[in-house]
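**Q** Sequence and predicted structure below; questions after.
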Amino acid sequence: MSRNRRGAWMVVGAGLAGSLALMSLAGSACSSSSSVAPLTFVDGSTLLEAGADVVIAAEGGALKSWPPAGTAACSNPDVCPGDPGAGAVWVTISGESNALTGYPFPPDNFQADTYMYDGWEFHIDEYIVNVDHVVLWSNPNADPNNQGDLGKMTQIAHLDGPFVVDLHKGGRIIGQGGAPEESTPIGVILDQNDNGNAPFDPTTTYGFGFSTVQASYDAYNVNLDQGEAADFAFMVQNGYSVLYVGTATWQGSQSPYGCTQTNAGAGPEAGLLDAGGDAGSVVTYVDGGYDFTRMPATMSFRLGFATPTNYQNCQNMTLQGTPNPGEDYPRGIQTSPSQSVFAQVTVHMDHPFWESFAENSPVHWDDIAAQYVGETNPTATVEDMKGVPFYAFTDKTGTPLPWRNCAGPNYVPPGNGQMVFSTLSVPVNPQGTCTGTVGQDYTKANCPAIRDYYDYIRYSQSTQGHLNSQGLCFIDRQYPAPAGGS
C-alpha cells in the first residue's frame, strides 16, 4: 500500500486483523439468505486479503481490515503500527484507565478516584470511538489568547482513517497518563506530508488536532471483534461517533459513609398529614424524602452520541515550556532527533456524566436512573433524555429529584435542594429550537441554547477529546449546538 508518506502504518505480519463482517439490524437473524464473512486474519488463513474492503450485499457491510495491507511488518504484532523512530510522530489512542475498569463503587480511594458520587457502579463492556483527521499545524501559538484561532496556522501533516477502536480493550503501550492507563497505536506521521515531505524541525512545536466522526463501514477496524458487530451496525444506523455499552448497579449500601439526600421538596406523590383529626383541622402535604427504591437497582445502558467534533490546537501535558495565559499546558507536540514522540488521542469517559460543564466535574447516575422509575432492568439511551429538565431534575413521574451523596465528607452537593446541573455561561432555553445538519460547521446551525438533558449530556460529552491524557483542545462541534469552544 502506498501513501507517499502522507501518514503511514506499519502492519502486523500475523494475528487478528479484524475484517469485521457486520449485518444490518433489519432482516431476520434466521434468514437462510444471509451470508456473513468470517473474521479475516492477516496471515492469509482466509481467502480475504488483509486490508480488503469486504461488502455483504444487501445485508450491510464490513469494516476494512487492520492494519492496512502492503506496509512494513511490525516486530511486535500486539503493538502495531510500531515505533517509527527518531524524528517521527507515533499516533496512539486511549480512553484512560477508567475505560478499562469503569467506575467501581465503593472506589479504592474516595479522594483520588473517579466514581459516581451517588453510589452507582458503572461497568463498561464496550467503549467504541470513531476517530479521523489527525492533523499537525505550524505555529500553534500564533494567537496566544485564542486557542481556536487557526487563521495564522498552516496544516503541514495529516493521518487519515477513519479508525474505529473499542477503548475498553486498552492496548500494550503504557498511556501518557502513566500506568495503569493503556493505549493502542493507530498510525505514524513520518514527516510534513502536506509540506513537501520536509522533515520535522525538532526545535519547534506543531499544533495537534483530531476529529471524532460518524461511524461508517469505510473505516479501519483496529480491534473490534465479531461480537460487537450489532453494536457497530447500531452506530452506523444512528450516525453515532461514540458508543458506551455496559451496566449500572447501585452499590451505595456498601459505602462506609452511608448515603444522604437533600430536600428537593414535595412531589405529586407526597403523603397527607392530618393535623388532629377534628373538624377544621389543617391538612398539609408532607415531603418525607425521595424514595430511591423506585429506581431500578440494576440497568443496562447503550448510550450513543451523534456528536462529530473537531478537537483543535490541543495542549500537551508532556511538553516542556510555559503555557499561554489561562491554559494549563503548552500547545502542540515537538519531535525529537533521538526517538519518536507520542501523540495520544485521549477520549475521557466521564464527561457525559458531569454535574457541570466545568472540567473535571463530579459525576452522577441518579439523574439517568430516575427516568426509569418503576421499570425492571431497563436499557438507558441518550434519546430517552429528551425533554428531561436538567435545570431542575425530576424523575419519570415528575417528582423532584434530590442530590444523593454516598461519599460522605468527600463530596458536597452544589445545593441543598433539587438536583440541578450547570451549563456555566452556555445559554439555557427549554422552549428553544435547534436547526442544522450533522457534519456541518456548528456555527452554521441555529442552536443558540441548551434545551434539556438530551442537549446537556451531548454537549458535555463532546468535550471529551484531549491530547496525551490531559491536554485540553479547542472544541469545534460539527453538530447543531450552541457556539463555543468548551
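**A** Received, thanks.
**Q** Okay, now the unreliable bits of the stretch 1-150 of the chain?
**A** For the stretch 1-150 of the chain, the stretches with pLDDT under 70 are 1-60, 68-72.
**Q** Strands of the stretch 51-200 of the chain, residue ranges please.
**A** 60-62, 89-94, 120-137, 155-159, 163-166, 173-174, 182-189 (DSSP state E, counting those that start in this stretch).
**Q** Of those, flag the one that's most buried.
**A** Among these, strand 163-166 has the highest mean neighbour count (mean count of other Cβ atoms under 10 Å), at a mean of 27. Where you see a C-beta, it was placed from the backbone N, CA and C, and this is true even at glycine.
**Q** For it, the averaged confidence score.
**A** In this model, strand 163-166 has a mean pLDDT of 97.
**Q** Extract the C-alpha trace of stretch 164-173 and format it as CSV.
**A** C-alpha atoms of stretch 164-173 as CSV (Å, rounded to 0.1, in the frame of the first residue of the first chain):
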residue,chain,number,x,y,z
VAL,A,164,-12.8,2.5,14.8
VAL,A,165,-11.5,1.4,18.2
ASP,A,166,-13.0,-0.2,21.3
LEU,A,167,-11.1,1.7,24.0
HIS,A,168,-12.3,-0.7,26.7
LYS,A,169,-9.8,-3.2,25.3
GLY,A,170,-6.9,-1.0,26.1
GLY,A,171,-3.5,-1.7,24.4
ARG,A,172,0.1,-2.8,25.0
ILE,A,173,1.5,0.7,25.3
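**Q** what helix or strand does Met317 sit in?
**A** Using DSSP states H and E, Met317 maps to neither a helix nor a strand.
**Q** Tell me who's in contact with it.
**A** If you count contacts by Cβ atoms under 8 Å, 6 or more residues apart in numbering, Met317 has them with 176, 328-329, 468-471.
**Q** His158 contacts Val134, correct?
**A** Yes: between His158 and Val134 there is a contact under Cβ atoms under 8 Å: 6.4 Å.
**Q** what's across from the residue lying closest to Phe353 once chain neighbours are set aside in the sheet?
**A** Distance criterion Cβ to Cβ, 6 or more residues apart in numbering; nearest residue to Phe353, sequence neighbours excluded, is Val363 at 3.9 Å. For Val363, the beta-bridge partners are Met116, Trp354 (DSSP bridges).
**Q** what number of residues lie near Val363?
**A** 20 (other Cβ atoms under 10 Å).
**Q** right, and it touches Met349 too?
**A** No: counting by Cβ under 8 Å, Val363 stays clear of Met349, with 9.5 Å between them.
**Q** In contact with the residue nearest to Ala99 when sequence neighbours are not counted, which residues?
**A** Nearest residue to Ala99, sequence neighbours excluded (Cβ to Cβ, 6+ apart): Leu167, at 4.4 Å. For Leu167, the contact set (Cβ under 8 Å, 6+ apart) comprises 93-95, 99, 127-129, 347, 349.
**Q** Which strands or helices does the host helix or strand of Phe210 pack on?
**A** Phe210 belongs to strand 207-212 when assigned by DSSP H and E. Judged by 3 or more Cβ pairs under 8 Å, 6 or more residues apart in numbering; DSSP states H and E, strand 207-212 is in contact with strand 120-137, strand 309-312, strand 341-347, strand 465-467.
**Q** The chain: helices as residue ranges?
**A** For the chain, the helices defined by DSSP state H occupy 98-101, 229-238, 366-369, 453-461.
**Q** Ranking the ones you listed by mean neighbour count, which comes first?
**A** Most buried among those, given mean count of other Cβ under 10 Å as the contact rule, is helix 366-369, at a mean of 25.
**Q** for it, what is the average pLDDT?
**A** 98.
**Q** ok, now stretch 316-333?
**A** Stretch 316-333 comes out at a mean pLDDT of 96.
**Q** separation between Tyr411 and Pro362?
**A** Taking Cβ to Cβ, to the nearest Å as the measure, Tyr411 falls 6 Å from Pro362.
**Q** Of the two, give the one with the bigger neighbour count.
**A** Pro362 (22 against 15).
**Q** OK, contacts around that one?
**A** 117, 354-355, 411.
**Q** rerun that using 10 Å as the cut-off
**A** 114-118, 350, 353-356, 405, 407, 410-414 (Cβ atoms under 10 Å, 6 or more residues apart in numbering).
**Q** Same question for Ala264.
**A** Residues in contact with Ala264 (Cβ under 10 Å, 6+ apart) are 287, 289-290, 392-394, 399-403, 415-420.
**Q** Now list the buried members of these.
**A** Burial by neighbour count, 16 or more other Cβ atoms under 10 Å: within those this picks out 290, 393-394, 399-403, 418-420.
**Q** distance of Arg477 from Pro144?
**A** On the measure of Cβ to Cβ, Arg477 and Pro144 end up 23 Å apart.
**Q** Comparing these two, which shows the higher neighbour count?
**A** Arg477 (24 against 14).
**Q** What residues are bridge-paired with the more buried one?
**A** Thr309.
**Q** Can you give me every residue that contacts it?
**A** Contacts of Arg477 were listed using Cβ under 10 Å, 6+ apart, and they are 307-310, 438, 441-443, 445, 447, 458-459, 462-463, 483-485.
**Q** among those residues, which are in strands?
**A** If you go by DSSP state E, the contacts of Arg477 have 309-310 in strands.
**Q** picking that back up, minimum distance to Tyr206: which of the strands of the stretch 51-200 of the chain has it?
**A** Set against Tyr206 and scored by Cβ to Cβ, the strands of the stretch 51-200 of the chain come closest in strand 120-137, at 4.6 Å.
**Q** what about Pro323, neighbour count?
**A** As a measure of burial, Pro323 has 16 neighbours, counting by other Cβ under 10 Å.
**Q** Can you give me the distance of it to Gly148?
**A** 16 Å.
**Q** Touching both of Tyr411 and Pro362, which residues are there?
**A** Shared contacts of Tyr411 and Pro362 (Cβ under 10 Å, 6+ apart): 115, 117-118, 405.
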